[in-house]
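Colleague: Quick check, what structure comes out for this input:
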Amino acid sequence: AAEVTVMSVVQGFKLVGFAAMALSLNACIIVRSNGGEFDDDEPGFDDPDFDDLPDIPREDRPDDREAQRVRQLFEPLTATADPDPTNAFADDADAARFGERLFNDKRFSSDGTIACVSCHDPSQGFSDTRQFSTGVGGAVGTRHSPGIVNPGLMKFVLWDGRADSLWSQPVRAMENPAEMNLKRTEIAHLTIENHASEYEQVFGGMPNLLDVPTAASPGDLGWQRMSGTQVEQVEDVVANVGKAIAAFERTITCDGTRFDRFLQGSNNLTRQEVRGALLFDEVGCAECHSGPNFSDQEFHNIGIGSENAAEAEGRASVLAQLFDDPFGGAGMHSDDTGAGRAKLDTVDSEPTDRGLFKTPSLRGVTQRPRYMHNGSFDDIRRVVQFYASQDVRQEGAVGEVASIVRDLSATRDEQDDIAAFLGTLECR
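Modeller: Coordinates of the predicted model:
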């Protein structure tokens, strides 16, 4: 694929699974967009910044009791992905290699300028420096591109959780007019034209789509004229494209941070960082950013505004979509519809409050350029200050701000301590 030759360095994030056997945990990993080849002879592989840090000098070490208290409050991450029975190829090495190619392939956009990597930049924590990403034709999105960090641990994907499977999210991006702007049949045709051998190596034989319209999606006249078999064949290919990209994304992991190593007994945190960890729990941050991945995976109103009224509604506005998604865990292209339906059983009992958005993981948080679903902050200290100010309501926010957020407070010195702690969660 001559058009897809850019090479990028993943700063800090690890890729595991098909690459793990050959890679050091402390490596800066080279990711090639030309087919998933990893080369430890490339410049940057042994970046000294990723060497194990020496113990902190004794005079700057925390009190032993404080260190022990932190180790009691938190637990290191022991798994970077949960099983996904709805995707039979979730942990398939060939699928992940294929998915990486697709992730970087700009031909999967209507004008050949946008790929997944365009808005999920490895050098920016798989996020975007722009507040709102730009799609084909200069179209501007309405939410900030979330970082990709341990996505295999996420129950729902995107800020409002409108995708219940990791493999349905790429399909949404490809079909979104403000992102990659493809018709559903275009995705299938592009796969056959450019990646037939890779597809067949993972998923088996390609269907014959010669009589299928070049560019048609549900609701189009061309789609309505397709036979049921043609529709099923097209959607099978599209679903498999999503499953391959999901397999790749599941290899983007963040564990073994300085904080994880501290929890396992290393004396590698400063007094301020340990104070920050204790304050993180004490003032209430851990109420939502809980567990080893620092996310409760729930949806909360934290008073952040949105670009328009429809976007401001958040989780409540997308609940019905979860039951009608052909690429969802309970949809016809799922490899285990029972598991998909079990996940959706909890949706009916979810609150329908306005303005609820998903709690992101804080792993690698200081390696991202922007924060919040509207990308309104570009410095982690400003985020901490926003929460601690008790004036947590931006213009354009709707609904009632969660009480835990309203009640959170911290002095300026305490805010600095919390920000220092968050720096210990940087991905290696």
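Colleague: so S217 makes contact with M174?
Modeller: No: using Cβ atoms under 8 Å, S217 is not in contact with M174, being 10.6 Å away. (C-beta placed from N, C-alpha, C; glycine too.)
Colleague: So these two - more neighbours on which side?
Modeller: For the pair S217 and M174, the greater number of neighbours falls to M174 (27 against 16), based on other Cβ atoms under 10 Å.
Colleague: Name the next helix or strand downstream of whichever strand or helix holds that one, please.
Modeller: Assigned by DSSP states H and E, M174 belongs to helix 168-175. Going down the chain from helix 168-175, the next helix or strand is helix 184-203, by DSSP H and E.
Colleague: Quick one: list the elements packing against the next helix or strand after that following helix.
Modeller: As assigned by DSSP H and E, the chain's next helix or strand after helix 184-203 is helix 221-224. Using 3 or more Cβ pairs under 8 Å, 6 or more residues apart in numbering; DSSP states H and E as the contact test, the elements touching helix 221-224 are helix 184-203.
Colleague: 7 Å - rerun?
Modeller: Where contact means 3 or more Cβ pairs under 7 Å, 6 or more residues apart in numbering; DSSP states H and E, helix 221-224 is not packed against any helix or strand.
Colleague: in that helix, what's buried?
Modeller: Using 16 or more other Cβ atoms under 10 Å as the test for burial, helix 221-224 gives W223.
Colleague: what does stretch 176-195 contact?
Modeller: Stretch 176-195 is contacted from outside by 1, 98, 101, 107-110, 114, 135-136, 139, 141, 173-175, 199, 206, 209, 212-218, 234, 237-238, 241, using Cβ atoms under 7 Å, 6 or more residues apart in numbering.
Colleague: Between the two ends of it, what distance do you get?
Modeller: Counting by Cα to Cα, to the nearest Å, you get 22 Å between the two ends of stretch 176-195.
Colleague: And it, what's buried?
Modeller: Buried, per 16+ other Cβ under 10 Å, within stretch 176-195: 178-192, 194-195.
Colleague: And for stretch 106-122?
Modeller: Quick answer for stretch 106-122 (16+ other Cβ under 10 Å): 106-110, 114-122.
Colleague: next one: stretch 394-410
Modeller: By neighbour count with 16+ other Cβ under 10 Å, stretch 394-410 contains the buried residues G396, A397, V398, V401, A402, V405, R406, L408, A410.
Colleague: And stretch 122-137, by the same measure?
Modeller: Judged by neighbour count using 16+ other Cβ under 10 Å, the buried positions of stretch 122-137 are 122, 124-128, 130-136.
Colleague: Widest-spaced pair of those?
Modeller: Between any two of the buried residues of stretch 122-137, the greatest separation by Cβ to Cβ is 23.8 Å, found for G125 and V136.
Colleague: where does D121 fall, phi/psi-wise?
Modeller: Per-residue torsions, D121: phi -80, psi 120 (degrees, to the nearest 10).
Colleague: I'd like to know how many residues surround the nearest residue to E395 once chain neighbours are set aside.
Modeller: Closest residue in space to E395, ignoring its immediate chain neighbours: G305 at 5.2 Å, by Cβ to Cβ, 6 or more residues apart in numbering. G305 has 17 neighbours, counted by other Cβ under 10 Å.
Colleague: which residues of the stretch 251-400 of the chain fall in strands?
Modeller: Assigned by DSSP state E, counting those that start in this stretch, the strands in the stretch 251-400 of the chain fall at 252-253, 299-300, 357-358.
Colleague: Average pLDDT for the second one, rounded please.
Modeller: Spelled out, that is strand 299-300. Across strand 299-300, pLDDT averages out at 96.
Colleague: Can you pull the poorly scored residue ranges out of the stretch 1-150 of the chain?
Modeller: 1-54 (pLDDT under 70).
Colleague: just so I have it, where are all the strands in it?
Modeller: Using DSSP E, counting those that start in this stretch, strands in the stretch 1-150 of the chain cover 7-10, 14-15, 29-32.
Colleague: doesn't A163 make contact with Q169?
Modeller: Yes: in terms of Cβ atoms under 7 Å, Q169 counts as a neighbour of A163; the distance is 4.3 Å.
Colleague: Now list whatever residues contact both of these two.
Modeller: V157.
Colleague: just to revisit the earlier point, gap between the helix holding M174 and the chain center?
Modeller: Centre-to-centre, helix 168-175 and its host chain are 13 Å apart (Cα atoms, centre = their mean, to the nearest Å).
Colleague: for that helix, packing partners?
Modeller: Using 3+ Cβ pairs under 7 Å, 6+ apart as the contact test, the elements touching helix 168-175 are helix 228-249.
Colleague: And the contacts of the helix it packs on?
Modeller: Identification of contacts with helix 228-249 by Cβ under 7 Å, 6+ apart yields 87, 89-92, 95-96, 98-100, 102-103, 116, 148, 151, 166-168, 170-171, 184-185, 187-188, 191, 199, 202-203, 207, 209, 212, 326-327, 333.
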